[in-house]
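Peer 1: here are the coordinates; sequence isn't available:
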């Protein structure tokens, strides 16, 4: 009888934990899929694909599901409505579709007050994926205006983009930095965001070797006062630059005196 | 009879050569077209019914359960042996030997599951296995070498117990125990490097990096290696204590004599004490690990805490609340067998209240992924009331109060049958009380202040809260040790006079610890999402998606059931092999001195 009681307590305890874990919301981390649409894709198809990406493989809810890191896009924000309602009024003269698209491909351009720039690399998503996300967000209280022509343009751009190579072909330091979103976190002569250490005067504060190391291995040494941002800088930046581009940036930053 | 046998096996003489010839012929025919094809190694294999992922998951988890047990138990076996040597109290020596007896079969089980895991990886994930073995080959050879030495050290440690029990030989024997722990820790450090590499490969490793080009040491000592080492080291002690507690509870409930009951009551107390003491430290190691994960990759950190795993922490909070409640309950029931403990019993209902409120706050979700309909139904992103309690300020405050309350339980237990003889007893007790109040005030102050500062400042407040609690615990213990020197006894602890229900608390502790380990294993592994090696080797198998908690809980429960069934078998086998060593803890011969030593483990 004692053994049966022991068995009952143990199996009962395990059963309770299993039951609790099965009653809470079930969230699966799905693998992001490559999307392919025909020219006459319907808004409903785009929204469905975007919804899956938003709450799945796109990883959007990691920050946008939590209002503490990024504005919640599915609920009202500051009395401006859901993202589909407020996207057309965020920037004067800019329509919703353009605003949402720019926010993803160039996140530093539209930072909502009170939040830090998005830790988001548009390069990991294809043009079709980005447009499907735009459609999904428009559908949150607004009208979907993304069309097959947007996707066709994006597909052409994807095809023309270098695969696994540098983000930009230029050897101009400013173009390299803009193309790799460096100014999303670092400010240079008033351009960019004051999130990470400023590029202004960097050469007078940091040795050239450390600048180079900071680019190819950003986790190796965190600048004083920026511990809370450790891990924010893409670790694969060194792979997104040619050797020449890396040296151009290092030389440029080393030359930024006080 | 002989003829009959000859008839049954006669086909061997005639049929076997024919079958062999036919077989060779068939193979030759089959091999001909194959020989013309070039060999392409496959990336994945298939496992019937449950699939490859579940098969590897179960093998890895069971190997880890046993590994944690065989690493945790030697730690306090060697400590118990040392207490026996230094205090000349043979009960601790006998206790250490009984712990070690449980290890012998457990080692075999650990090795068997390790072999199942390796063969599973070779056959089901050959691509990944080839990649990892190319990077870590030297450490794998060292690993098996150390495991060999570890096993033979254990044999010497256990079988030499009675032979080397006096004088210098005893010290030598204790040295073997230390060596056993060193081997075990080394084995764990090596294995941890392989799995942490999959979580946090060095920055210079990319999908294009050939495994032969990966620097061994940078792969070995990767970003999360040391935090995992520390976290696992402490967790193994917790786990070992809990399993030993359950073993003692089982023996207690099936004991035939008062002496047996007394012995296993005492053993259960020691197991619970070790488990809960180490549990109190474990969250600090967890904070460090979490911080390192954030530093390695912020997206991985946010996936862990706020992404698809956000609800996992609510379940974790519930499990830890069960641990605190069961651990405290066991102590409070145990006070019933301590003369003088009656004076503290009125406080237990208030301590229970604090634990329940703390558990409720800790398990309150705040940030959850919700769709538009759910947000509308809730009236906003956050629940109007629960949202306030779900923030880290409230949770940190709650857990620190739970730790302080558990420590108070231990303190009251320790002091229950003692009467201090020092002149400053009243002052000392007042100072101890003041330390509790100050720690609680600091925790509460920063808990409330945290609502009025930015999150980055608020995170730093948890450090002040933890420091206040740790400082209070250390100072109170120091004062208590000094105050209880030469204390008079209010009466002997009546070991064995423990209600049966208390033993079920020990079972719940063991099951909960085991389940919690499985859950945290899923969290650690799941944050890689669809990567075998994070952002280096992508999982392209049919199981690439990381499952939801419901499915994970079923696998975890299956692992826990298999593990506990095997452990029950091991305990049963252990009981067959040798009669348990019953120490003299319940007899009337015990005077106040060993009594104080008994409870010395609690403080």
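Peer 2: Cool, got the structure. Note that the coordinates shown come from a computational prediction; the quantities given were computed from them, not determined experimentally. Numbering: from 1, shown residues only, chains lettered A, B, ... in the order given.

Peer 1: identify the residues contacting the helix or strand containing residue A:253?
Peer 2: According to DSSP states H and E, residue A:253 maps onto helix A:243-254. For helix A:243-254, contacts defined as C-beta atoms under 8 Å, 6 or more residues apart in numbering or on different chains pick out A:166, A:171-173, A:176-177, A:182, A:199, A:202-203, A:208, A:211-212, A:215-216, A:238, A:241. Every C-beta, even on glycine, is put in place using the N, C-alpha and C of the backbone.

Peer 1: these two touch, right, residue B:82 and residue B:174?
Peer 2: Yes: the pair residue B:82 and residue B:174 passes the contact test of C-beta atoms under 8 Å, sitting 6.4 Å apart.

Peer 1: these two: which has the busier surroundings?
Peer 2: Taking residue B:82 and residue B:174 together and counting by other C-beta atoms under 10 Å in any protein chain shown, residue B:174 has the greater number of neighbours (19 against 16).

Peer 1: so which bits of stretch A:104-111 are buried?
Peer 2: When burial is assessed from 16 or more other C-beta atoms under 10 Å in any protein chain shown, stretch A:104-111 yields the following buried residues: A:104, A:107-108, A:110.

Peer 1: next step: those restricted to helices.
Peer 2: In helices, judged by DSSP state H, the following of the buried residues of stretch A:104-111 are found: residue A:104.

Peer 1: list the contacts of the closest residue to chain A within the stretch 1-150 of chain B.
Peer 2: Ranking the residues of the stretch 1-150 of chain B by distance to chain A (C-beta to the nearest C-beta) places residue B:53 first, at 13.0 Å. Residue B:53 sits next to B:541, B:543 when contact means C-beta under 8 Å, 6+ apart.

Peer 1: do residue B:267 as well
Peer 2: Applying C-beta under 8 Å, 6+ apart, one finds that residue B:267 lies in contact with B:95, B:98, B:244, B:247-248, B:251.

Peer 1: if you set the cut-off to 6 Å instead, what comes out?
Peer 2: residue B:248 (C-beta atoms under 6 Å, 6 or more residues apart in numbering or on different chains).

Peer 1: helix or strand: which one has it?
Peer 2: Assigning secondary structure by DSSP H and E places residue B:267 in helix B:258-296.

Peer 1: what is the helix or strand just after that helix packed up against?
Peer 2: Using DSSP H and E, the helix or strand that follows helix B:258-296 towards the C-terminus is helix B:298-305. Applying 3 or more C-beta pairs under 6 Å, 6 or more residues apart in numbering or on different chains; DSSP states H and E, one finds that helix B:298-305 contacts helix B:258-296.

Peer 1: could you rerun that using 8 Å?
Peer 2: helix A:61-64, helix B:258-296 (3 or more C-beta pairs under 8 Å, 6 or more residues apart in numbering or on different chains; DSSP states H and E).

Peer 1: just those: most buried one?
Peer 2: Neighbour counts averaged per stretch over these are highest for helix A:61-64, at a mean of 24; criterion: mean count of other C-beta atoms under 10 Å in any protein chain shown.

Peer 1: that helix - what's its average pLDDT?
Peer 2: Helix A:61-64 shows a mean pLDDT of 70.

Peer 1: kindly report the same for stretch B:66-73.
Peer 2: For stretch B:66-73, mean pLDDT rounds to 92.

Peer 1: distance between it and the chain's centre?
Peer 2: In terms of C-alpha atoms, centre = their mean, to the nearest Å, the gap separating the centre of stretch B:66-73 from the centre of its chain is 8 Å.

Peer 1: now do stretch B:172-188
Peer 2: The gap between where stretch B:172-188 is centred and where its chain is centred comes out at 19 Å by C-alpha atoms, centre = their mean.

Peer 1: could I get the buried residue list for it?
Peer 2: B:173-174, B:176-177, B:179-181, B:183-188.

Peer 1: export the residues you listed to JSON lines and tack on pLDDT?
Peer 2: Formatted as JSON lines, these follow (pLDDT from 0 to 100):
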{"residue": "B:173", "pLDDT": "95"}
{"residue": "B:174", "pLDDT": "95"}
{"residue": "B:176", "pLDDT": "96"}
{"residue": "B:177", "pLDDT": "95"}
{"residue": "B:179", "pLDDT": "96"}
{"residue": "B:180", "pLDDT": "95"}
{"residue": "B:181", "pLDDT": "95"}
{"residue": "B:183", "pLDDT": "96"}
{"residue": "B:184", "pLDDT": "95"}
{"residue": "B:185", "pLDDT": "95"}
{"residue": "B:186", "pLDDT": "96"}
{"residue": "B:187", "pLDDT": "95"}
{"residue": "B:188", "pLDDT": "96"}
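
Peer 1: just the ones of these in helices?
Peer 2: Among the buried residues of stretch B:172-188, the members that lie in helices (by DSSP H) are B:173-174, B:176-177, B:179-181, B:183-188.

Peer 1: need the residues you listed in CSV (columns: distance to chain A).
Peer 2: Written out in CSV, the entries for these read as follows (distance: C-beta to the nearest C-beta, whole Å):
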residue, distance to chain A
B:173, 35
B:174, 35
B:176, 34
B:177, 31
B:179, 35
B:180, 30
B:181, 29
B:183, 32
B:184, 27
B:185, 27
B:186, 27
B:187, 28
B:188, 25
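
Peer 1: appreciated, that's everything.
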